[in-house]
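>>> Just to be clear, the model below is a prediction. Sequence and coordinates:
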Amino acid sequence: MEDIMSNLSTNYVITLLQNYRANKRKIEQLRYELEHPARVSPDEMIEAMNFAKGDGEGRPSGNVSNKTLYIAMNFQSASDEVNAALTHDLVSRLVPLEQEINRLEHYVALLEPRQAEVIRLAYFEGHTWQQISAKTQITTRTLYKIRNQAVEELAEMYALTADLQR
């Protein structure tokens with residue numbers, strides 16, 4: 001049973017590492033969307049409704065009736081609710097991703113310096129094993145061993161916190 005949990009933890013860590021750069025990109029996209037939301041102002045909404053076609057009851061287009069203003073104000077209220085829901089959705093997607101990335105980065109920082117460097121170069125920066133070998137002057141085979149040791153240690157860290165959460 002413990003071997004199964006160990007394999008699950010190891011696979012989980014490998015998946016986290018492999019998805020690191022894509023998740024960082026998603027975080028940046030979500031942050032951008034939060035900082036630069038697409039919103040329609042009340043003036044733009046009323047302007048658009050002012051130039052809308054009539055409803056076929058013989059009223060000329062371009063006249064804003066009380067009913068139209070009431071609809072515009074209700075639409076603005078609904079628009080605010082939609083914008084709030086969109087913001088909530090963005091935040092609910094952003095926060096778990098940031099927590100996952102921050103946790104992984106923290107755990108990698110707890111590794112032996114050589115292990116942390118190999119993990120950072122391979123997964124965080126996206127270098128190939130040949131590039132890492134040239135940069136660190138370590139053979140590719142030894143790099144794989146270092147990576148495997150680092151993954152095992154990371155899996156132990158994640159397993160420990162999983163046990164604490166039970």
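Great, that's in hand.
>>> which intervals of the chain have sub-threshold pLDDT?
In the predicted model of the chain, residues 1-6, 38-66, 68-69, 71-73, 75-76, 78, 163-166 satisfy pLDDT under 70.
>>> Need phi/psi at Q137.
Backbone torsions for Q137, taken as degrees, to the nearest 10, come to phi 60, psi 30.
>>> residues contacting it?
Going by C-beta atoms under 8 Å, 6 or more residues apart in numbering, Q137 touches no other residue. All C-beta spots, glycine's among them, are computed from the backbone N, C-alpha and C.
>>> Would you mind pulling the contact partners of stretch 139-151?
10, 13-14, 17, 108, 111-112, 114-116, 118-119, 122, 129-130, 132-133, 136, 138.
>>> actually stretch 15-33, sorry about that
So stretch 15-33 is contacted by 90, 93-94, 97-98, 100-101, 104, 119, 122-124, 126, 151 (C-beta under 8 Å, 6+ apart).
>>> Among those, name the buried ones.
Using 16 or more other C-beta atoms under 10 Å as the burial test, the contacts of stretch 15-33 include L90, L94, E98, I101, L104, I119, A122, Y123, F124, V151 as buried.
>>> surely the first one meets N83?
Okay, so that is L90. No: using C-beta atoms under 8 Å, L90 is not in contact with N83, being 10.6 Å away.
>>> mind checking how far the host helix or strand of A134 is from the chain centre?
A134 belongs to helix 129-136 when assigned by DSSP states H and E. How far helix 129-136 lies from its chain's middle: 29 Å, per C-alpha atoms, centre = their mean, to the nearest Å.
>>> Just after the helix ranked longest in the chain, pick out the following helix or strand.
Using DSSP state H, we find that the single longest helix of the chain is helix 66-109. Moving toward the C-terminus from helix 66-109, the next helix or strand (DSSP H and E) is helix 113-119.
>>> in that next one, what's buried?
Neighbour counts over helix 113-119 (16+ other C-beta under 10 Å) mark Q115, A116, E117, V118, I119 as buried.
>>> Great, nothing more from me.
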